[in-house]
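Q: Just need the structure, nothing else, for what follows:
(one chain, ligands or ions: 2)
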Amino acid sequence: MSDSHVYPVMPSIAQKAHADEATYQALYQQSVTDPEGFWREHGQILDWIKPYTKVKHTSFDTGHVDIRWFEDGTLNVAANCIDRHLQDKGDQVALIWEGDDPKDDATLTYKQLHQQVCQFANALKDNGVKKGDVVCLYMPMVMEAAVAMLACARIGAVHTVVFGGFSPEALAGRIIDSNAKVVVTADEGVRGGRAVPLKKNVDEALANSKVTSVNNVLVFKRTGGQVDWHEGRDVWWHEATANASTDCPPEEMNAEDPLFILYTSGSTGTPKGVLHTTGGYLVYAAMTFKYVFDYQDGEVFWCTADVGWITGHSYLIYGPLANGAKTILFEGVPTYPSTARMSEVVDKHQVNILYTAPTAIRALMAKGNEAVEGTTRSSLRIMGSVGEPINPEAWEWYYTTIGNRQSPIVDTWWQTETGGILITPLPGATALKPGSATRPFFGVQPALVDNVGNIVDGAAEGNLVMLDSWPGQMRTVFGDHDRFEQTYFSTFKGMYFTGDGARRDEDGYYWITGRVDDVLNVSGHRMGTAEIESALVAFDKIAEAAIVGVPHDIKGQAIYAYITLNAGEVPSAELHKEVKEWVRKEIGPIATPDFIHWTDALPKTRSGKIMRRILRKIATGDTGSLGDTSTLADPSVVDKLIAEKENVV
Ligand code: ATP
Ligand code: MG
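A: Numbers count the residues shown, from 1 in each chain. Ligands and ions are numbered 1, 2, ... in the order given. Just a heads-up that it's a prediction; the model follows:
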């Protein structure tokens, strides 16, 4: 990966930013030399009912992992996201809803949001939900999804949001694991012009005899489509809220009371029920939102993630609302009804900050200028990326074609487990290098270790770990603290292991190389999948690529490349040769793919990440035990890939 392109901080951004380079350096230094003092001060970004006197109580020691922040303080998340803004911003827009159909949109002011959250909170209470109970949300991207999350927070119920694209089996698994008492859903969702039978899926999930915890299902009417009704169990949202009081005092919660459980994407194995608590999580979401996106009062922020992902929790709802921001909730997909939809939404709502994922960027990039046709995107000031390493090629395209070379890109590295962004540029402080997530956020102490846990210094490559806790860190795997310790704290003693590999350059910038399970070892050379994939995507006929290693007698591992070509391109022996030569030239002979598997569909999680675990099994012919495929967006691609494998050379 070349470090040759450096984009200096834009003076116009630095001038009014919350942090310029000097501020970043000063705050970062303080945050790691005196974490207590730093977070004692910055915990004040929230309103506390009972102020905390204790700040940090954390241990990463295997066998005694214990993470607590602000542990004697009390607060309410919904009050911080809504009530405290009512006086100054009551009539300001809080949520902007953009429907799947471009004709549909709506807004809620902070005052209106307050009213709806209180009413639904009372409806939940009427349906037997008490403080500490788990409520499962299986919702489309409508305002009511945000209302339901905040209503849970208001009464101290723990929400677990399950992405509306998941199957009844995946939903049932999460309900069983979380022991949810109530499910909140809609009759149908709408995405990309198609109806999604949410209520029907809930009915199927609840028909599973192992699901025994659910007493009620609250159903929001989105489309008016036909649904089956279970008297005594099912309740319409509009009926439950019709006469509900608009007054619902926020429950006083301890900082360490659970706020939500969220299952990880399932890229690497069975999803884990990640538990986040109240105080530290919100402090961290609010702080990162303010600094990473340099949010300025009155700006419009659009995060394209679904509420079913951690990004949708921290940067669609909690971070923005804690800052009194205007945040967009988009029901549709970035490519419907046309490739220009994302750009059109930016223009329509005059979006200032856009936060999306490499998978969306690559999909648009494959269509070239169609993605921006008829739009200016002149309102954009800052853009972000999250979810996977962003290939420099995709970064440049995003920067130039979407952003008109006017908006810095924050490539934010983080995980469901981390609650908020850990490694990222700050727009007014950090010079950018395409493909690098750059530097740690305040209070974050990353390190690289070799395979036996020795810390490596300077410009180096290794396993990415965190040496100390930050307020947004997950507290446990729900119901399985042992799995929490095993998964994150047993590989390297006394450190939080991220599962990702990274390289640090001479400027101290971090480059995520991919998951360490995916690292290749070819003739003794260790290579991240991200690097080879980036080289492939930089080839002008290639839209997307995924690399896996397959066993090889001499080299240890051979490189197997799955490649999707741009629309209109066709595989050929000549192209095969050209692609190999290209990689040889870009990285070196060692990285040349041994096998090329042309395909137009890579297996992806519902959040758009390539599932290399499955690709590895297909490449090695080990298709008898593909493991958990329930989080795949389209399970049928697996059979297609297996069939295609016959022709791979
Ligand atoms: P599971 O843990 O169930 O396998 P997952 O890791 O995909 O699923 P998430 O928590 O949604 O679930 O994703 C976090 C991971 O996504 C990170 O560990 C990293 O591999 C990748 N990632 C996120 N943001 C970035 C980024 N900016 N650059 C590189 N990789 C990223
Ligand atoms: Mg993970």
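Q: ok, how many other residues are close to the closest residue to Val444 other than its chain neighbours?
A: Closest residue to Val444 apart from its sequence neighbours, by C-beta to C-beta, 6 or more residues apart in numbering: Leu422 at 4.8 Å. In short, each C-beta sits where N, CA and C put it, glycine included. The number of residues packed near Leu422 is 27, by other C-beta atoms under 10 Å.
Q: near ligand 1, which residues of this structure?
A: Contact residues (C-beta under 6 Å from any ligand atom) of the chain with ligand 1: 264-268, 271, 310, 386-389, 411-416, 437, 498-500, 512, 515, 609.
Q: Kindly tell me how buried the nearest residue to Asn76 once chain neighbours are set aside is, as a neighbour count.
A: Residue nearest to Asn76 in three dimensions, not counting chain neighbours: Pro250, with 3.6 Å by C-beta to C-beta, 6+ apart. Neighbours of Pro250 under the rule other C-beta under 10 Å: 21.
Q: Sticking with Pro250, tell me its helix or strand.
A: When secondary structure is defined by DSSP states H and E, Pro250 falls outside every helix and strand.
Q: Pretty sure Val147 sits against Ala123.
A: No: using C-beta atoms under 8 Å, Val147 makes no contact with Ala123, being 10.3 Å away.
Q: Spit out the contact partners of the closest residue to Leu467 other than its chain neighbours.
A: With sequence-adjacent residues excluded and distances taken as C-beta to C-beta, 6+ apart, Leu467 is closest to Gln445, at 4.3 Å. Residues near Gln445 by C-beta atoms under 8 Å, 6 or more residues apart in numbering: Val32, Met466, Leu467, Asp468.
Q: per-residue pLDDT, Gln445?
A: Looking at Gln445, its pLDDT reads 98.
Q: now swap in Ser267 and tell me
A: Predicted confidence (pLDDT) at Ser267: the value is 67.
Q: what ranges of the stretch 201-350 of the chain fall below the confidence cut-off?
A: Low-confidence segments of the stretch 201-350 of the chain (pLDDT under 70): 267-269.
Q: So what does the residue in the stretch 301-450 of the chain positioned nearest to ligand 1 look like in phi/psi?
A: Nearest to ligand 1 in the stretch 301-450 of the chain, going by C-beta to the nearest ligand atom, is Thr416, at a distance of 3.4 Å. Recorded main-chain torsions at Thr416 are phi -50, psi -40, according to degrees, to the nearest 10.
Q: so it touches Val274, yeah?
A: Yes: between Thr416 and Val274 there is a contact under C-beta under 8 Å: 5.0 Å.
Q: any chance you could map the helices in the stretch 401-550 of the chain?
A: 481-489, 529-537 (DSSP state H, counting those that start in this stretch).
Q: how about those helices in CSV, adding distance to Gly588 and mean pLDDT?
A: Below are the helices of the stretch 401-550 of the chain laid out as CSV (distance: least, C-beta to C-beta, whole Å; pLDDT from 0 to 100):
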stretch, distance to Gly588, mean pLDDT
helix 481-489, 34, 95
helix 529-537, 10, 91
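Q: and the ones you listed, which is most packed in?
A: With neighbours taken as mean count of other C-beta atoms under 10 Å, those reach their highest mean count in helix 529-537, at a mean of 25.
Q: contact partners of that helix?
A: 1, 362, 389, 391-394, 435, 512-514, 518-520, 542-548, 559, 561, 563, 579, 582-583, 586-587, 591, 593, 612.
Q: if we can go back for a sec, neighbour count for Thr416 and Val274, which is higher?
A: Under the criterion of other C-beta under 10 Å, the comparison of Thr416 against Val274 puts Val274 first, with 23 against 19.
Q: in what helix or strand does that one lie?
A: Per DSSP H and E: strand 273-277 holds Val274.
Q: immediately after that strand, which helix or strand?
A: helix 279-292.
Q: Restricting to C-alpha, output the next helix-or-strand element following that next one in PDB.
A: Moving toward the C-terminus from helix 279-292, the first helix or strand encountered (DSSP H and E) is strand 300-303. Provided in PDB are the C-alpha atoms of strand 300-303 (Å, rounded to 0.1, in the frame of the first residue of the first chain):
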ATOM      1  CA  VAL A 300     -27.700  17.700   8.900                       C
ATOM      2  CA  PHE A 301     -26.100  14.300   9.500                       C
ATOM      3  CA  TRP A 302     -26.800  11.200   7.500                       C
ATOM      4  CA  CYS A 303     -25.600   7.800   8.500                       C
END
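Q: in its sheet, what does strand 300-303 sit against?
A: Strand 300-303 has its sheet partners listed here by DSSP bridges as strand 326-330 (parallel), strand 353-356 (parallel).
Q: give me every residue that touches Ile542.
A: By C-beta under 8 Å, 6+ apart, the residues touching Ile542 are Leu536, Ile563, Thr564, Leu565, Asn566, Val579.
Q: will you turn those residues into TSV that also has distance to Gly458 and secondary structure?
A: Output for the contacts of Ile542, formatted as TSV (distance: C-beta to C-beta, whole Å; DSSP: H, G, I helix; E, B strand; the rest coil):
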residue	distance to Gly458	secondary structure
Leu536	29	helix
Ile563	35	strand
Thr564	37	strand
Leu565	40	strand
Asn566	39	coil
Val579	35	helix
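Q: Show me where the stretch 401-550 of the chain has its strands.
A: 409-411, 446-449, 455-456, 460-466, 476-477, 496-504, 510-515, 520-522, 525-527, 542-552 (DSSP state E, counting those that start in this stretch).
Q: quick one, which of those strands is nearest to Lys54?
A: Proximity of the strands of the stretch 401-550 of the chain to Lys54 was assessed by C-beta to C-beta; the nearest stretch is strand 476-477, lying at 19.3 Å.
Q: Give me the contact list for that closest one.
A: Lys272, Gly273, Val274, Leu275, Arg483, Phe484, Thr487.
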